[in-house]
Every structure is written in structure tokens, then in C-alpha cells.
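1. this one's sequence-less:
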């Protein structure tokens, strides 16, 4: 079985739910209180496909780091970047566009996907989702689409030209 | 029951009496009166019949009501009887409670009296609390203003220092004394260890036994735990040699890279210059070669000879084994082949280390 290791980095403004999404995906558990991130944290999740195994080394960057250009140092060597915004805060989507622009400037070959998180708050937020461009709408709290989005990233990393089913 | 015929007989009799007693009475008037009376009697008779029917109906209803009421009457009497029993029992229980005595420490107390006594005490305590609260409120009203409190505190700072100063001094003194005691105990323990018979035994036994390394490690000499070969750019683990199970090596390798990136950011340098990390009882020596670096994890006291030996080893491995492997494979696909080579090579390093340490022991 083909086995590969890939570094992926999650980017997004403070409080969009980066850490919660990773914790949900890696540990399948979620703490309801706000989880502030300090510095950088690396987590690992292995996804097995029919003929391949992908070890994702997921770098969770603190929201504070995202506020200045120093976060670019942590993008070095990343095969994939997941941009996460909070659907209840439209300005966080603008932030994602800027981060992903930086990513493409630094490493043009990096695979990227965009996630709109906190979809469980959609009814209360009264927002128009048409205003955003995204690949997945997720809820770390309700465990909606979390695994699918990371699997999508793993599929892209495994073979950028065609998708392999699980 | 009085029938109509009986009444007609009575009226005929009445007419005869009247005719006999008063001859002047007009025969026609008597007849008219008679017919009127007869009519009224007939009406009354009808009403009587109707009344009689109504009475019969009522009688039936009364009978029905009686039949219904009878069981209820029985139940009521039963409830009344139970109620009487309960009242009697309650009365008995009350009497019993009044006579309950508790024996505490050989002294008998009457429960009811004690409860009464406690209730009285509670009542007086409650009064004291109310009174105290009132006094507190009064004091609060006088000093509640933060400004006033601050002013009072400022004005009486000399007195406050006089009171608190010695206490704080004592606390600091005690804390320092405790820490000094702990440090003395540690120094004493270490001295005992180094001068103990066991230590010398370990040193000499190392000359003749194969267990010398373990013996020496027990006295703080380094123990090689893990050698990781990490890609500098991605932080991905390329291969490793491990003598012990540590947490997920991939995550640890990633975190080393994150720390390196952090130090580069913090000191605004392209190369962090980070070459040694101390963590608890572990030391992590980082040694970079172009786009890769080694993280050598060891345990125990740091030792210059150990450093020199390890640097020689990774230099040799990189120049010979790694360079050959990388010519044949892509870096990210080295995987198991690299780990196998590392295992063979660094296992030998452990033997070299053992020899070195035995020389040191001599």
C-alpha cells in the first residue's frame, strides 16, 4: 500500500473555529467553550484509501499569528492549506481571500479548499450564503461535513489530477 | 282515601240539615251553591288525584335516593371510625414522642425538651444575627464609599504596615527556610549518591559486566532514546531510529519544526540557530544538513563526549548512507528503507556509546 505524509495548514481569523474543526476531525470530540489557540499545534490523522494511506500532519495556527505576516513562515512546505471562515462573520471571509492569495504567491502548487464553518448558526445569523465562495459548509459543533472536507483535501494531495474513492 | 261519592253523601246530609233548620232558605240558592260546591269538589278531586300521582313519584325518588345514600352512609361511618382510630394513634404517638429520651454519654435527655431548648437557642441566635446585620449595615453606611475607605487606609498606612509587616516578613522567612531545606536535602542526596558504595560498585562492575551502561545511566549518564531525520521545509519525519516508545514521532517531528520556525520568526533569522532543547529529563540535539536535520533525543545528564560521538555518527550516516539512498529515491518516499538503515547504523552507535561510557567509568 502506498503511504505518504503531507503537511497541511489551517488558516483563518481568530475564533472562526480552526482548532475546533481539527479537534473534531482528529479526536472526534468537541468542547463547547471557546478554545483559544496559543502558538502552533501539530496534529495527525491518517486516512486510508483503497490502495493508499495518507498521513495528514495538520498545523493549527493561532488566530493571533494570523494577524501579522509571520504566519507565512509556517506555510513553508505545506502541501495543502485549508482556509476557514465563520459564516456568521462575513469579514472573516474577506480575510480568507487574502490569506489564500498569499499562499498562492508563496507556493503556487499548494492545494487549497475553503470551508465556511459554524453552519449550525445559519438560522440565527440571517446571512446570504451566496455572498461567499466555499467548498464546504461545516459545523464542528454538530460534526457536519468535517470529515468530508479533510478527506477531500487528502484526495487532492494523493493525486491532484483525479480523485480516488475510499 | 276520600272518594267523590262519600262527599256527595255529606252534601245531601248538609242540605237536609239546612232545610230542616231554616225554612226560609231558598231551595234554588241551595241548589246553585250545591252545584258550585260539586264543581269545586270535582276540581279538588282532580288535583287530589294529580297530587297523589306526584306523591307516588316522589315516594319512588325517595326510595331510589335512599338506596343510593345507604352505601355512602356506610362509608361515612367507616371513615369516621378510621378517623377516630387515627386521632387515637396520633394522640398515642404524641405522648410517646413527649416521653422519648436520648442517652448521650451516659446522660439521658428528653427529646421534646431538647428540641424546645434548641428552638429557643435558634431564636436567640437569629436575634443576634439580625442585630449583627443591623450593626454591619450601620458600619457599611459609614465606610462603604471606596474613596472614603481608600482615604482611611492611606491615613492609617503606618498602622497597617506595623500590623501586616511582621506577618509578611514571617511568611517570606518561612518560605525561604523551606526552600533552603529542600535545596540542602537535594545536595545531600546527590552527595550521598556519588559517594555511596553502590556508586563505586557500579563503576567497578562496569569493567567486568555487560550491564555497565544501565548501571551508569542510573547515575545520570546519557541514554539514547531516538534519532529522527526530519525534512527541514515540511517538518515531515523521513526516518527514525528508536530505542523506546515515545509519543507519535510524526507529531513530535512537526512540533520540532514549528519550534524552529517560531525561533526564526522571533529572532528574525533564516536559520534559527536552535541546536539544543531541554525538556524535563530529556535533551534534544538538533543538527542540520542542508534541507534535512536530525533530532537526537537522549535522556540523562548532558555529556560532551556523548555530543561529540553523536555528531560524528550522524555526520558519517549522512555522508554515506543517506546520500546514497536519496540518489535512488525521492525524499518523501524514503520511508521504511531509511528507517531500516538508521536502525542498523544507530544500533551500532549504541554499542559504541556503551564502550565510550565504560571507558569513562574506568
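-> Received, thanks. Just so it is clear, the model here is predicted, and its values are computed rather than measured.
2. what's the span of stretch A:123-141 from first residue to last?
-> Taking CA to CA, to the nearest Å, stretch A:123-141 runs 15 Å from one end to the other.
3. Check the offset of it from the chain's centre.
-> Centroid separation between stretch A:123-141 and its chain, computed with CA atoms, centre = their mean, to the nearest Å, is 15 Å.
4. By mean pLDDT, flag the weakest helix or strand of chain A.
-> Counting by mean pLDDT, DSSP states H and E, chain A has its least confident helix or strand at helix A:63-66, which shows a mean of 79.
5. Show me the contact partners of that one.
-> For helix A:63-66, the external contacting residues (CB atoms under 8 Å, 6 or more residues apart in numbering or on different chains) are A:11-16, A:18, A:36-40, A:71, A:74, A:95, A:99. Quick note: C-beta positions are derived from backbone N, CA and C, even for glycine.
6. For the chain, which segments are assigned as helices?
-> No chain was given, so I picked chain A. A:18-27, A:63-66, A:72-75, A:90-106, A:122-125, A:146-158 (DSSP state H).
7. please go with chain B instead
-> Counting by DSSP H, the helices of chain B are B:4-21, B:27-98, B:111-143, B:146-155, B:157-195, B:197-208, B:212-217, B:249-267, B:304-317, B:323-328, B:335-361.
8. how close does residue B:225 sit to chain A?
-> 20 Å (CB to the nearest CB, to the nearest Å).
9. and the closest residue in space to that residue that isn't next to it in sequence, what are its bridge partners?
-> Of all residues not flanking residue B:225 in the chain, residue B:297 sits nearest, at 4.5 Å (CB to CB, 6 or more residues apart in numbering or on different chains). Beta-bridge partners of residue B:297, counted by DSSP bridges, are residue B:226, residue B:284.
10. Test my guess that residue B:297 contacts residue B:284.
-> Yes - at 5.2 Å, residue B:297 counts as touching residue B:284 under the criterion of CB atoms under 8 Å.
11. Neighbour count for the two, which is higher?
-> residue B:297 (25 against 20; other CB atoms under 10 Å in any protein chain shown).
12. quick one: the more buried one from chain A, how far?
-> For residue B:297, the distance to chain A - CB to the nearest CB - is 16 Å.
13. what does chain B put close to chain A?
-> Proximity of chain B to chain A, by CB under 8 Å from any CB of the partner chain, involves residues B:231, B:233-237, B:248, B:250-251, B:254-255, B:258, B:261-262, B:264-265, B:332-333, B:335.
14. Could you rerun that using 6 Å?
-> Applying CB under 6 Å from any CB of the partner chain, one finds that chain B approaches chain A through B:233, B:234, B:236, B:248, B:250, B:251, B:254, B:255, B:258, B:261, B:265.
15. worst-scoring helix or strand of chain B, pLDDT-wise?
-> Every helix and strand of chain B was ranked by mean pLDDT, DSSP H and E. The lowest is helix B:197-208, at a mean of 46.
16. What's the per-residue pLDDT of residue B:2 here?
-> Residue B:2 carries a pLDDT value of 45.
17. what sits against the residue nearest the centre of chain A?
-> Note on chain A: the residue nearest the mean C-alpha position is residue A:82, at 3.2 Å, using CA atoms, centre = their mean. Going by CB atoms under 6 Å, 6 or more residues apart in numbering or on different chains, residue A:82 touches A:10, A:113.
18. coming back round to it: list only buried entries from the contacts of helix A:63-66.
-> Those of the contacts of helix A:63-66 that meet the buried threshold are A:11-16, A:18, A:37, A:40, A:71, A:74, A:95, A:99, by 16 or more other CB atoms under 10 Å in any protein chain shown.
19. Nearest to residue B:305 among the residues you listed?
-> Closest approach between those and residue B:305, by CB to CB: residue A:40, at 34.7 Å.
20. was I right about the closest one contacting residue B:258?
-> Yes - counting by CB atoms under 6 Å, residue A:40 touches residue B:258, with 4.1 Å between them.
21. Between these two, which contacts overlap?
-> With CB under 6 Å, 6+ apart, residue A:40 and residue B:258 have no common neighbours.
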